[in-house]
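>>> Build me a model:
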Amino acid sequence: MNEAIVLLAATPLPGLFYNGAMYLSDKKYTDLFGSVSSLWGIFAVLFVYAGMSGSFFFPIMLGTSALGGGLEFIRSKKKWDLIVAMVYVVVLILILSQLGGI
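Numbering: from 1, shown residues only. Next up is the predicted model:
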């Protein structure tokens, strides 16, 4: 069972490396918050394995991605960044409504 947890916790690592490399080259908020979201995903697997509720971690991970998209739109004024942020917010609202949070 422990090997499966390590493998599951390692699944966000490619996203972490990609977003980290992209942030170092472009300095975009979406890449920075994507890295934070990937780190949060790693910790979420470990904390859920330790007994915490998974419904706490997933909305925060989506929220950090939405925040990164919103901040990048404010900085760059590109419509694509606004669309990305809005999609994350819509998915976050749908997830929270299914969890009974709204």
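>>> use CA for all of it now, contacts and neighbours both
OK.
>>> and the lowest-mean-pLDDT helix or strand in the chain, what other elements does it pack with?
The least trusted helix or strand in the chain, going by mean pLDDT, DSSP states H and E, turns out to be helix 54-76, with a mean of 78. With contacts defined as 3 or more CA pairs under 8 Å, 6 or more residues apart in numbering; DSSP states H and E, helix 54-76 has these neighbours: helix 29-50, helix 79-99.
>>> how about the last one: buried residues?
If I follow you right, that is helix 79-99. Within helix 79-99, the residues that qualify as buried by neighbour count (16 or more other CA atoms under 10 Å) are Asp81, Leu82, Val84, Ala85, Met86, Tyr88, Val89, Leu92, Ile93, Ile95, Leu96.
>>> can you check the longest one too?
By neighbour count with 16+ other CA under 10 Å, helix 29-50 contains the buried residues 29-42, 44-46.
>>> cool, stretch 5-12 as well?
Residues Ala9, Pro12 are the ones in stretch 5-12 that count as buried (16+ other CA under 10 Å).
>>> average pLDDT across that stretch?
Mean per-residue pLDDT for stretch 5-12: 86.
>>> tilt between the least confident helix or strand of the chain and helix 79-99?
Angle, helix 54-76 to helix 79-99, by axes from the mean of the first three to the mean of the last three CA atoms, to 10 degrees: 160 degrees.
>>> about what we covered before: make a markdown table out of the buried residues of helix 79-99 and add pLDDT and distance to Glu72.
Converted to a markdown table, those look like this (pLDDT from 0 to 100; distance: CA to CA, whole Å):
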| residue | pLDDT | distance to Glu72 |
| --- | --- | --- |
| Asp81 | 75 | 6 |
| Leu82 | 80 | 8 |
| Val84 | 79 | 10 |
| Ala85 | 79 | 9 |
| Met86 | 84 | 12 |
| Tyr88 | 80 | 13 |
| Val89 | 83 | 14 |
| Leu92 | 80 | 18 |
| Ile93 | 83 | 20 |
| Ile95 | 78 | 23 |
| Leu96 | 78 | 24 |
